[in-house]
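Peer 1: Got a sequence here, can you build the structure:
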Amino acid sequence: MTLKTTHIKPVKPEERELARKREEQAALEVELAERELRSANLRAELGAFERRYLHFVGLRYAELDELKAEIAERLAKEQPGNERLQRLAHIARAGANETKSSAGENTKEEPAAFESSPEMKQLYREVAKRVHPDLTSDRDDRAKRQQLMAEANDAYERGDESKLVKILTEYECSPEAVQGEGAGAELIRVIRRISQARGRLSEIEAEMQELLRSDLYQLKSRIDEAQKHGRDVLKEMVEKVEEQIAQANRRLEL
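Peer 2: Reported below is the predicted structural model:
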């Protein structure tokens, strides 16, 4: 009786290393997607807060600065030879125009605060894990991913779930998603993807810190903290500006 010998194909060193690097890449992609989500959330929250601030407070400041400019211009007209009043009127008008431009158009509809569902967050993670431009070393693929990621950020901020699904589906079916063959070549690609993912993680951290140090974030934090204690700071700011507007109107009526 002869025993049948089973030959086990030895695993090449590059194949073992490739398997290990793929695990490392997968873990990094999960972390990167989570960081991208946090960054996208912060940008969206700040954007929504800025729109609400301009809607409630900025437009009233624009109205107040317009009244101040009218007062300064009236004084300058009454004393055309007074260079100081002419200069102050010019400065007031420039300030009013700048405030009006920053505040934007007056809209009756109150801007909504940013909110995202758990399903939207998970979908965004999947898009970031698969489509992020820093996860490829191919120049053409990277350019396409950059465009898709910009579209994904915009869709996430608008709460457009169908757009996120479309972005993910279209990329998964694209030629760029097809991987080459050969353990050695693939190992190089994976190592480069890992390096790119680590670089992007550092960039996100720097971007987040810049946002957290911004005046807009500090203002939002103060208002949020006050709201926890029952204070509506935006309402208080509006009331203060409206009082100043009333005073300015009374001056113009004199």
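
Peer 1: quick one, helices of the stretch 151-254 of the chain?
Peer 2: If DSSP state H, counting those that start in this stretch is used as the criterion, the helices of the stretch 151-254 of the chain fall at 161-172, 183-213, 215-228, 233-253.

Peer 1: Compare the ones you listed and give me the one nearest residue 118.
Peer 2: helix 161-172 (11.8 Å; Cβ to Cβ). Just so you know, the C-beta spots here come from the backbone N, C-alpha and C atoms, and that holds for glycine as well.

Peer 1: Show me which residues of stretch 49-65 are buried.
Peer 2: Across stretch 49-65, burial judged by 16 or more other Cβ atoms under 10 Å covers 49, 51-65.

Peer 1: Compare the helices of the stretch 151-254 of the chain and give me the one nearest residue 12.
Peer 2: helix 183-213 (6.5 Å).

Peer 1: Next, the buried residues of that closest one.
Peer 2: 183, 186-187, 189-191, 193-194, 196-197, 200-201, 204.

Peer 1: Next: stretch 239-254.
Peer 2: For stretch 239-254, by 16+ other Cβ under 10 Å, it's 241, 244-245, 248.

Peer 1: Report the mean confidence score over it.
Peer 2: For stretch 239-254, the mean pLDDT works out to 88.

Peer 1: and what of stretch 90-107?
Peer 2: 77.

Peer 1: tell me the contacts of the residue sitting nearest the centre point of the chain?
Peer 2: In the chain, the centroid-proximal residue (Cα atoms, centre = their mean) is residue 43; its distance is 2.9 Å. By Cβ atoms under 8 Å, 6 or more residues apart in numbering, the contact list for residue 43 reads 153, 157, 211.

Peer 1: Out of those, which is nearest to residue 80?
Peer 2: The nearest one, if we look at the contacts of residue 43 relative to residue 80 and count by Cβ to Cβ, is residue 211, at 48.4 Å.

Peer 1: for the closest one, what are its contacts?
Peer 2: 39, 42-43, 46, 217.

Peer 1: Strands - which of these land there?
Peer 2: Using DSSP state E, no member of the contacts of residue 211 sits in strands.

Peer 1: Could you dump these into TSV with pLDDT and distance to residue 232 added?
Peer 2: Converted to TSV, these look like this (pLDDT from 0 to 100; distance: Cβ to Cβ, whole Å):
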residue	pLDDT	distance to residue 232
39	93	29
42	94	23
43	92	25
46	93	20
217	95	19
